[in-house]
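Asks: no sequence on this one, just coordinates:
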């Protein structure tokens, strides 16, 4: 295994933690590090979401680095709070404070002592650049946030707390919200990027205009659901706080969604709504219609573990498309069972490209798809060259149906193209033949 | 590590008013900082040399979030779209990472067979006390191609400071190491144009038509070799002055090459730049040729723009851009018939701001040093 990365797929834990913090209402994430960390992440997120991304940095500077920068931190935080008036701040560490070993919790305590009038909640999130990936960073941030929440009992409560994972789009969250609401339950997503980064705002804002409303005391939900195995850590904390928990994989495909719907149906004592059953029927019908085109097709995948597991379950186990290689950013135990999984970078895919009909990865996959003339379905993060990606749905019956049609159409056209090229072999110019 | 100074550098000094002299490069404001770090700046300056490999000695963030994100175009190869990182982890931080870097350089050289390798240091690598220059020397002995250390950890300053550090690396290790096959009297070097969206390719035909040879470009669409013999140029034109004017000044000190700051934004500016090249090269036949060429082209463009100027009449524009575009775009838009009500001067050098002030003299114009979305919306509502 090579120790370096060429065209990395891995994004740092800092990016994951930042995205998780952005799923809260009235917040602005603050990075404790060099200003570049913030600039890079802000740049890439702005290109991905095409929205205003509130973000700030303590901008560690040469001398401050050597002396220890408690003062930078205090100044940075008070500047941010004064200018933007956020209700909650996720204070995220980057490489520098992690190497030096800053005690962030102590620093935040000192900050409150110095500024007793400030009511903003500051949650230190200790993630580092050099350990884990964006998905672990995302779940670490969730843990840091819910660790500080005190749940109190209330009698009439239909709240369902749903922990999301790094790879879920705004569209995914909205689809799951729709499903859960159809069972008469009240879903609360944590974090909820669909409300904060999902568009629909026509005014300028300095702090996130929507999302999970963070408070130190919250009503106890009847149940907490985690989507994706990376949320397990967060669920364990909630379990310790006496909340019933249930873990689901990424809800892509028939079986995964069936399990989810069955569970909700049992939990709420209600049968699924007509529209959900209808979409399920459509999905099965489309699977039947399209299965001809999946014969002998191979897909190369490069995404984060949760999404990888979801795609593998749907594409390989249910649709029967062969996966030539599945590159991921973090070797989790449940992925080790799959034999095509490899930890690595996008360069790793290169040797499989001649033997692949479709590539599924983020925008950086264009480097490979251009070179080998393989179609690219953009998934994961970042997707810089496609409008509306954050609103795309992958979850539930609806999302699976959408994904299925997207892939099936590519293969369908590929087959058709091939048939023209057979004629081309015999000396007939295929484009002339096609027009007439 | 080596002392962090640059030979000639006074571009950091920004005069706001007489009373407030601020050192813009030096200190980012915590909680109010915008823009990239020194590593970002160094990388974007050198990335365009695309027959060379660019390796960041960094954890995954520095490259993972930033590669394949530069709008530059190149005819030489696609290496500028590749991101390579040593992916430092905890063990590397504790046990040292020199071996890993050298191994990375060696293996990547085998894969890509580049002409040279640029190695960038980052915050985490620098904090471990890593000696980049020494490691680069060792690696160079193994791979037998130039390995250039770029001292650019993010915490030493902002993006602009990184541009300078990249210029410094070029000056110290690259420029002057090779000689061109032949030289002519009209050799020029275009400094700090990065061929964003292929803009340089629109200027090169003019030079060709006039018989001016662009010996090297630093660094838009450049090969490693042409940067290495840039010292043989007879006239240096600095396009984005804030970024690499220090390099031009250093080149003047060491090799005596005259330089000027110009821009290709707008008709007048392009004409001025071409005339200035003629002036510095000081060949009378060329000067005449340029004079005629400029006259012809200006008339041509004037005719073509006539139709559009009607539309743009009385339309008011505020420019919020940084660096050299603060003034160059003002001129360009005014030529198109717009009324420019002000310009942002973030990231602009002293020379940039003075130029703008001279242009705006006697008129009530907005010069915005720092700004965010709200301030821009305020301007929009007021007017």
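Replies: Received it, and whenever you're ready, just let me know what you need. Computed from a predicted structure; not experimentally measured.
Asks: Just read off the phi/psi values of residue A:163.
Replies: phi -90, psi 130 (degrees, to the nearest 10).
Asks: So for the longest helix anywhere in chain A, mean pLDDT?
Replies: Taking DSSP state H as the criterion, chain A has its longest helix at helix A:396-425. On average, the pLDDT along helix A:396-425 is 85.
Asks: name the helices or strands packed onto that helix?
Replies: If contacts are counted by 3 or more Cβ pairs under 8 Å, 6 or more residues apart in numbering or on different chains; DSSP states H and E, helix A:396-425 sits against helix A:170-181, helix A:254-268, helix A:274-290, strand A:358-361, strand A:376-378, helix A:430-435. For the C-beta atoms, the positions are set from N, CA and C on the backbone; glycine is no exception.
Asks: mind running it again at 6 Å?
Replies: In terms of contacts (3 or more Cβ pairs under 6 Å, 6 or more residues apart in numbering or on different chains; DSSP states H and E), helix A:396-425 is packed against helix A:170-181, helix A:274-290, helix A:430-435.
Asks: And chain B, what are its domain boundaries?
Replies: Structural domains of chain B, as assigned by automatic domain parsing, span the residue ranges B:35-173, B:187-300, B:313-382.
Asks: how about the residues of the stretch 1-150 of chain A near chain B?
Replies: For the stretch 1-150 of chain A, the residues in contact with chain B (Cβ under 6 Å from any Cβ of the partner chain) are A:3-8, A:10-12, A:14, A:34-36, A:39-41, A:44, A:56-62, A:65, A:72, A:75-76, A:79-80, A:95-96, A:99, A:129-130.
Asks: okay, now the residue lying closest to residue A:209 once chain neighbours are set aside: neighbour count?
Replies: For residue A:209, ignoring the flanking residues on the chain, the nearest one in space by Cβ to Cβ, 6 or more residues apart in numbering or on different chains is residue A:201 at 5.4 Å. Other residues lying near residue A:201 total 15 when counted by other Cβ atoms under 10 Å in any protein chain shown.
Asks: is the helix or strand residue B:41 falls within up against chain A anywhere?
Replies: Element membership for residue B:41 (DSSP states H and E) is helix B:38-46. Yes. Helix B:38-46 reaches chain A (Cβ under 6 Å from any Cβ) through B:39, B:40.
Asks: That helix - contacts with which helices or strands?
Replies: Helix B:38-46 sits against helix B:159-169, with contacts defined as 3+ Cβ pairs under 6 Å, 6+ apart.
Asks: Please indicate which of the residues of the stretch 1-150 of chain A next to chain B are buried?
Replies: For the residues of the stretch 1-150 of chain A next to chain B, a neighbour count by 16 or more other Cβ atoms under 10 Å in any protein chain shown gives the buried set as A:4-8, A:10-12, A:14, A:34-36, A:39-41, A:44, A:56-61, A:65, A:72, A:75-76, A:79-80, A:95-96, A:99, A:129-130.
Asks: Just those: which are in strands?
Replies: Among these, DSSP state E puts A:5, A:6, A:56, A:57 in strands.
Asks: Mind picking the two most distant members of those?
Replies: Using Cβ to Cβ, those span at most 32.1 Å, a distance reached by A:6 and A:56.
Asks: if you skip the residues just before and after it, what's nearest to whichever residue of the stretch 1-150 of chain B sits closest to chain A?
Replies: Per Cβ to the nearest Cβ, residue B:37 is where the stretch 1-150 of chain B lies closest to chain A, at 2.5 Å. Counting by Cβ to Cβ, 6+ apart, residue B:37 lies nearest to residue A:36, which is 2.5 Å off, once chain neighbours are set aside.
Asks: surely that neighbour meets residue B:152?
Replies: No. Contact between residue A:36 and residue B:152 fails when scored by Cβ atoms under 6 Å: they sit 9.8 Å apart.
Asks: Find the residues that touch each one of the two.
Replies: Residues touching both residue A:36 and residue B:152 (Cβ atoms under 6 Å, 6 or more residues apart in numbering or on different chains): residue B:39.
Asks: how about residue B:294, what does it touch?
Replies: Contacts for residue B:294 (Cβ under 6 Å, 6+ apart) come out as residue B:271.
Asks: switch the cut-off to 10 Å
Replies: Going by Cβ atoms under 10 Å, 6 or more residues apart in numbering or on different chains, residue B:294 touches B:206, B:210, B:267, B:268, B:270, B:271, B:272, B:274, B:275, B:278.
Asks: picking up where we left off before, ok, the helix or strand just after the helix holding residue B:41 near chain A or not?
Replies: Counting by DSSP H and E, the next helix or strand C-terminal to helix B:38-46 is strand B:52-57. Yes. Interface with chain A: strand B:52-57 contributes B:53, B:55, B:56, B:57 (Cβ under 10 Å from any Cβ of the partner chain).
Asks: would you turn these into a markdown table with neighbour count and pLDDT?
Replies: Listed next are those as a markdown table, based on neighbours: other Cβ atoms under 10 Å in any protein chain shown; pLDDT from 0 to 100:
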| residue | neighbour count | pLDDT |
| --- | --- | --- |
| B:53 | 24 | 93 |
| B:55 | 26 | 95 |
| B:56 | 31 | 94 |
| B:57 | 31 | 93 |
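Asks: List just the nearest of those to residue A:125.
Replies: Taking Cβ to Cβ as the measure, residue A:125 lies nearest residue B:56 of these, at 24.5 Å.
Asks: ok, what's across the strand from the closest one?
Replies: Beta-bridge partners for residue B:56, by DSSP bridges, are residue B:85, residue B:120.
Asks: Wait, it touches residue B:125, no?
Replies: Yes. Applying Cβ atoms under 10 Å, one finds residue B:56 in contact with residue B:125, separated by 8.7 Å.
Asks: biggest helix in chain B by residues?
Replies: Per DSSP H, chain B has its longest helix at helix B:284-312.
Asks: on that earlier part again, next, show the common contact partners of residue B:56 and residue B:125.
Replies: Joint contacts of residue B:56 and residue B:125 (Cβ under 10 Å, 6+ apart) are B:62, B:86, B:88, B:119.
Asks: All the helices of the stretch 1-150 of chain B, residue numbers only.
Replies: Remark: helices assigned in the stretch 1-150 of chain B by DSSP state H, counting those that start in this stretch are B:38-46, B:60-64, B:90-95, B:98-112, B:123-127, B:132-143.
Asks: so how far is the longest one from its chain's centroid?
Replies: Mean-position distance between helix B:98-112 and its chain equals 28 Å (Cα atoms, centre = their mean, to the nearest Å).
Asks: so it versus helix B:132-143, what angle?
Replies: 40 degrees (axes from the mean of the first three to the mean of the last three Cα atoms, to 10 degrees).
Asks: could you give me the average pLDDT of helix B:98-112?
Replies: 94.
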